[in-house]
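Q: Coordinates only, no sequence provided:
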């Protein structure tokens, strides 16, 4: 095991992995919560759902107006303790560092955004097709943010698309789109709408 830019890397299996040090105490303060969140280093956003949950919990502490060294109320502390006890499961998680495969014919980056009242985020996947027609998809990176306590004046989904565009900024290739790329984008959009709006009809046709 070694660290690459702060990320734990298993050089023998060429995979990213995670090491966590959960608190052994069952008495927590607001400072303890923030400290535990800061210990989970995840620059690629591979643990986005988990970290977002922790940040949302931290956000719920602000209206309580607790001091940094003040003990959390019992129901709140119990919820955080349950979260902390689940952290060791992360050590079983391994994510391939190198995601490309041999004999590739095409590589496509897909970016997705979504939002809710609690937060919004974006994720980037790479999808590859080899010369035999097999398709493989891998998670590359993601970003997530907790929605502010104050009601947003701009719809949350707009922030989601903005975050998505920023996350794809470094991966974009400048230049005009080819006719093939436009056709692929149009086909993908049509299929996505069909799958979302006519899922039951599609299932009946496939029977």
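A: All right, it came through fine. Note that the coordinates shown come from a computational prediction; the quantities given were computed from them, not determined experimentally.
Q: centroid residue for the protein?
A: Centroid check for the chain by Cα atoms, centre = their mean gives residue 48 as the closest residue, at 3.6 Å.
Q: pLDDT-wise, which helix or strand of this protein ranks last?
A: Using mean pLDDT, DSSP states H and E, the weakest-scoring helix or strand in the chain turns out to be helix 156-167, at a mean of 53.
Q: ok, longest helix in this structure?
A: helix 179-197 (DSSP state H).
Q: which of the residues in it are buried?
A: Across helix 179-197, burial judged by 16 or more other Cβ atoms under 10 Å covers no residue at all. Every residue, glycine included, has its C-beta placed from N, CA and C.
Q: show me where the chain has helices.
A: Under DSSP H, the chain gives helices at 30-39, 48-61, 74-86, 156-167, 179-197, 199-206.
Q: ranking these by mean pLDDT, which is last?
A: Lowest mean pLDDT within those: helix 156-167, a mean of 53.
Q: ok, and what's touching the longest helix of the chain?
A: Residues outside helix 179-197 that contact it (Cβ atoms under 8 Å, 6 or more residues apart in numbering): 108, 202.
Q: what's the answer for stretch 18-36, then?
A: So stretch 18-36 is contacted by 8, 39-40, 42, 47, 54, 57-58, 61, 66-72, 77, 80-81, 84-85, 87-88, 90-91, 93 (Cβ under 8 Å, 6+ apart).
Q: Okay, residue 36 and residue 24: tell me how far apart.
A: Distance from residue 36 to residue 24, counting by Cβ to Cβ, to the nearest Å: 12 Å.
Q: swap in residue 198?
A: From residue 198 over to residue 24 the distance is 52 Å, taken as Cβ to Cβ.
Q: which of the two has more neighbours?
A: With neighbours defined as other Cβ atoms under 10 Å, residue 198 and residue 24 compare such that residue 198 has more, 12 against 6.
Q: Could you measure from the more buried one over to residue 76?
A: Residue 198 is 44 Å from residue 76, by Cβ to Cβ.
Q: cool, residue 131 as well?
A: 55 Å.
Q: Can you pick out the residue with more neighbours from these two?
A: residue 76 (18 against 9).
Q: Help me confirm that the more buried one comes into contact with residue 58.
A: No: using Cβ atoms under 8 Å, residue 76 is not in contact with residue 58; the gap is 11.0 Å.
Q: Please enumerate the shared neighbours of these two.
A: Joint contacts of residue 76 and residue 58 (Cβ under 8 Å, 6+ apart) do not exist.
Q: pLDDT on stretch 1-12, on average?
A: 78.
Q: First-to-last residue distance for that stretch?
A: 8 Å (Cα to Cα, to the nearest Å).
Q: Same check on stretch 68-77?
A: Start-to-end, stretch 68-77 (Cα to Cα) is 14 Å.
Q: roughly how far is that stretch from the heart of the chain?
A: With Cα atoms, centre = their mean, to the nearest Å as the basis, stretch 68-77 stands 28 Å off its chain's centre.
Q: List of residues touching it?
A: 26-31, 33, 60-61, 64, 66, 80.
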